[in-house]
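S.K.: got a structure for you, letters missing:
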């Protein structure tokens, strides 16, 4: 394959297949069902904050590209399941985002530490906020 | 009717008004909610990773406590009533997922060791489901002070309606809170954003993001002429209500609007006292508006 | 003296990988001393009260990692032993008068309790048979009384903190719970206040003055015969 106009081209190796398989195993979702309609992205309330759209992340996973982990998208995703009710192919995109977070968290990467919160913030925040933050953003 | 009840952490702390109004409103309807003994935090979010086991321990332990209550003859029915939406979703989903996966259940049992085996027979209910079961005419029958002239915008948030498999009502066109409010005599204001996310736990480390999302929802409620917003989730209440000062920082023109729990309006309509309605714990304070509407006494 | 070499009752223990033959009727601590170890750290009251001699061990044929106080637990044959004389933990400083007996007191100083998984590993590790997870959970929901009562027997040995996968230091939470309980729930101990008043009023001045006038020998004599005089 020769590089296109952008000067870049995709190469595929066994490592791509294993990354995709890992995400499918952790999420329980069949990524190949996605036809890139973008419904998940249009329903997502947080795309303004995301570096990649949710549908873009799904495409990266389809291609087995670990670059899916490079954007802030899985961390901005708040698991509101708007994508889940909208997907015409029955993929729970929120599960895929969780799988991506888990790959990072299990490699001893934490997205947030409680040490960053001030006493005032800890006093103001209800347990429900702090507990869910910790469950989602730390391993 | 005597049922075991799981309050969750936040109903014991920042959302005591939610618990008080729930228990008192339930009493009016002859529902006795008995707090689960030795309950533990549910974990607030369901463990989505398929191989996860450790995060199931918390919800499953609570279900074992229900089994124990039945064994001790404290209750007859294996129905666990929850109120906090995140607790409801987490315990309900763990219950389903663990029972569907015998291998996972076996691992959970292995880690728990001394806990008795979970019967798998507990049904996890949200208080709203219980109300629907009772029938809206029963609710109307208990009303002493119809909430006439009060324009209320129901806010469902995420987890009451999603994911689809665990939805309390039709995710595309929910009616349950609307039906309840109408049974109480209130006027329903329908928000397009009623199931858009409030920002949830982003309140911890991305509070501007939560404030922006909450701003959209509340601005719409204001534009639609709602007097107040009702919710069933303590995290929604925090973002939409208590954190309105963060919205004002970003949008100085934003005019604040009270956010209350649906059970507080039940307690009000049932003619219960101030301790039951517990409006003094809400921020912004809904009492001036309720007084203006003639629903509570002027102070 | 227990250190009697009774051949039939000898057991083998493995301390940090090194094997020793020791009498089977000794505690871990005494057995280690019998084997030649000298305790500079990790030993205190020797009576199960101070929590200094936290120890982890496994027994042959079992995957279980168990915890004990070295001064209380008897050795068993083929016990693999390691001492955990200290658990690194940040101890927050606070003025108890500034706190309230609610969940915020715990969340502000030890917010990591929000990470509790309810796995119960702490309870399993506790040599005092305390329901550790239950008191951590009680603290999380602001039930100070329950947390204080459940943790009453805690001696801060640190085994729970070493085992917790959520990196919580339960004994610090227990201590805060008991402090809040005695300050705000139980209230001041009336008999102590009364005694304090008597002290302030000078009821014991004469006795103290007399003691202060005694020389070393006379004081020693008083001390040694204190029980006879009571």
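M.R.: Ah, there it is. These figures come from a predicted structure and were not determined experimentally.
S.K.: tell me the phi and psi of residue B:81?
M.R.: Here the main-chain torsion angles of residue B:81 (degrees, to the nearest 10) amount to phi -90, psi 130.
S.K.: number of residues surrounding it?
M.R.: Using other C-beta atoms under 10 Å in any protein chain shown as the criterion, residue B:81 is surrounded by 23 other residues. All C-beta atoms are positioned from the backbone trio N, CA, C, and that covers glycine.
S.K.: my guess is it contacts residue B:128. True?
M.R.: No. With contact defined as C-beta atoms under 8 Å, residue B:81 does not reach residue B:128; the gap is 10.2 Å.
S.K.: buried ones in stretch A:68-79, by neighbour count?
M.R.: A:68-69, A:71, A:73-79 (16 or more other C-beta atoms under 10 Å in any protein chain shown).
S.K.: and which of the residues you listed is nearest chain B?
M.R.: Nearest to chain B among the buried residues of stretch A:68-79: residue A:78, at 5.0 Å, using C-beta to the nearest C-beta.
S.K.: ok, and the closest non-adjacent residue to that closest one?
M.R.: The spatial neighbour of residue A:78 that comes closest, neighbours along the chain excluded (C-beta to C-beta, 6 or more residues apart in numbering or on different chains), is residue B:200 at 5.0 Å.
S.K.: I figured that neighbour hits residue A:132, correct?
M.R.: Yes. In this structure, residue B:200 is within contact of residue A:132 by C-beta under 8 Å, at 6.7 Å.
S.K.: helix, strand or coil for residue A:20?
M.R.: For residue A:20, the secondary structure call by DSSP: H, G, I helix; E, B strand; the rest coil comes out as helix.
S.K.: so who does it touch?
M.R.: Residue A:20 makes contact with A:31, A:61-64 under the criterion C-beta atoms under 8 Å, 6 or more residues apart in numbering or on different chains.
S.K.: residue A:64 versus that one, what's the distance?
M.R.: Taken as C-beta to C-beta, to the nearest Å, the spacing of residue A:20 relative to residue A:64 amounts to 4 Å.
S.K.: ok, how many other residues are close to residue C:187?
M.R.: Counted by other C-beta under 10 Å, the residues lying close to residue C:187 total 9.
S.K.: residue 19: neighbour count?
M.R.: No chain in the question, so chain A it is. Using other C-beta under 10 Å, residue A:19 has 20 other residues around it.
S.K.: not quite, go with chain C.
M.R.: Using other C-beta under 10 Å, the number of residues around residue C:19 comes to 12.
S.K.: can you pull the residues of chain A lying near chain B?
M.R.: A:25-28, A:45-46, A:49, A:76, A:78-82, A:84-85, A:92, A:94-95, A:98-99, A:102, A:112, A:116-117, A:121, A:124-133, A:135-137 (C-beta under 8 Å from any C-beta of the partner chain).
S.K.: among these, name the buried ones.
M.R.: A:26-27, A:45-46, A:49, A:76, A:78-82, A:84-85, A:92, A:94-95, A:98-99, A:102, A:112, A:117, A:121, A:124-133, A:135-137.
S.K.: kindly state the domain boundaries assigned to chain C.
M.R.: C:7-83, C:96-185, C:191-229 (automatic domain parsing).
S.K.: what mean pLDDT does the last one get?
M.R.: Right, the one you point to is domain C:191-229. For domain C:191-229, the per-residue pLDDT values average out at 93.
S.K.: for residue C:28, what are its contacts?
M.R.: C:13, C:53, C:55, C:57, C:68, C:70-71, C:73-75, C:79, C:81.
S.K.: name the next helix or strand downstream of the helix or strand hosting residue B:89, please.
M.R.: According to DSSP states H and E, residue B:89 maps onto helix B:85-100. For helix B:85-100, the following helix or strand on the C-terminal side (DSSP H and E) is helix B:102-112.
S.K.: okay, the angle between that following helix and helix B:85-100?
M.R.: 110 degrees (axes from the mean of the first three to the mean of the last three C-alpha atoms, to 10 degrees).
S.K.: okay, buried residues for the helix or strand following helix B:102-112 please.
M.R.: Downstream of helix B:102-112, the next assigned helix or strand under DSSP H and E is strand B:123-126. Of all the residues in strand B:123-126, those buried under the rule 16+ other C-beta under 10 Å are B:124-126.
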